[in-house]
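Participant: Structure of the sequence below:
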Amino acid sequence: MKIIEVSLRRPVTVLICTIALIVFGAYSYVNMGVERMPNVEFPIVVVRTIMEGASPAIIDNDVTDVLEARINTIEGIKNLSSSSYEGRSIIVIEFDLDRDVDDAAADVRGKSVWQPGVFPMTQILHRSINTIRLTGLS
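Facilitator: Residues are numbered from 1 along each chain as shown. Predicted coordinates:
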């Protein structure tokens, strides 16, 4: 009841406090840093393998399954999905949000190294919302 009594006795003070609250709120709203497309990088790494002339079954058995088994040993993987097509395969690895995307790409690159001349060409990419950068070719 004390606040109500003071407010009724001093209406000018209440009016000044209300105006000050509105002015400071409007000032804060105008100067708040909000972006439509913030620079956020989700830790998603894509491994793309190319083996010319191979059927999807061969790509799946000889390339995709081998890579999945190697990559699946990396810690912090949230989701791993793959697709095998004629002559190519794509593996998408999503890591936990607290994982640095460059470190994740380096770990994937380390696990997906083939012996030269034995296995297909492999590209490792990591994606952000704004760009897709090629980070390695082995």
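
Participant: Rounded mean pLDDT for the helix or strand hosting L21, please.
Facilitator: Using DSSP states H and E, the element containing L21 is helix 11-30. For helix 11-30, mean pLDDT rounds to 93.

Participant: Just checking the distance from it to the centre of its chain.
Facilitator: 41 Å (CA atoms, centre = their mean, to the nearest Å).

Participant: and it, C-alpha only, in CSV?
Facilitator: Extracted C-alpha coordinates of helix 11-30, given in CSV (Å, rounded to 0.1, in the frame of the first residue of the first chain):
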residue,chain,number,x,y,z
PRO,A,11,1.8,12.3,-9.5
VAL,A,12,4.6,14.4,-11.0
THR,A,13,7.3,12.0,-9.8
VAL,A,14,5.4,9.1,-11.3
LEU,A,15,5.0,10.9,-14.6
ILE,A,16,8.8,11.8,-14.7
CYS,A,17,9.7,8.2,-13.9
THR,A,18,7.4,6.9,-16.6
ILE,A,19,8.8,9.3,-19.2
ALA,A,20,12.4,8.4,-18.2
LEU,A,21,11.6,4.7,-18.5
ILE,A,22,10.1,5.2,-22.0
VAL,A,23,13.0,7.3,-23.2
PHE,A,24,15.7,4.9,-21.9
GLY,A,25,13.8,2.0,-23.3
ALA,A,26,13.5,3.6,-26.8
TYR,A,27,17.2,4.5,-26.7
SER,A,28,18.2,1.0,-25.8
TYR,A,29,15.9,-0.5,-28.5
VAL,A,30,17.4,1.8,-31.2
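
Participant: Quick one: name whatever helix or strand follows that helix.
Facilitator: strand 44-50.
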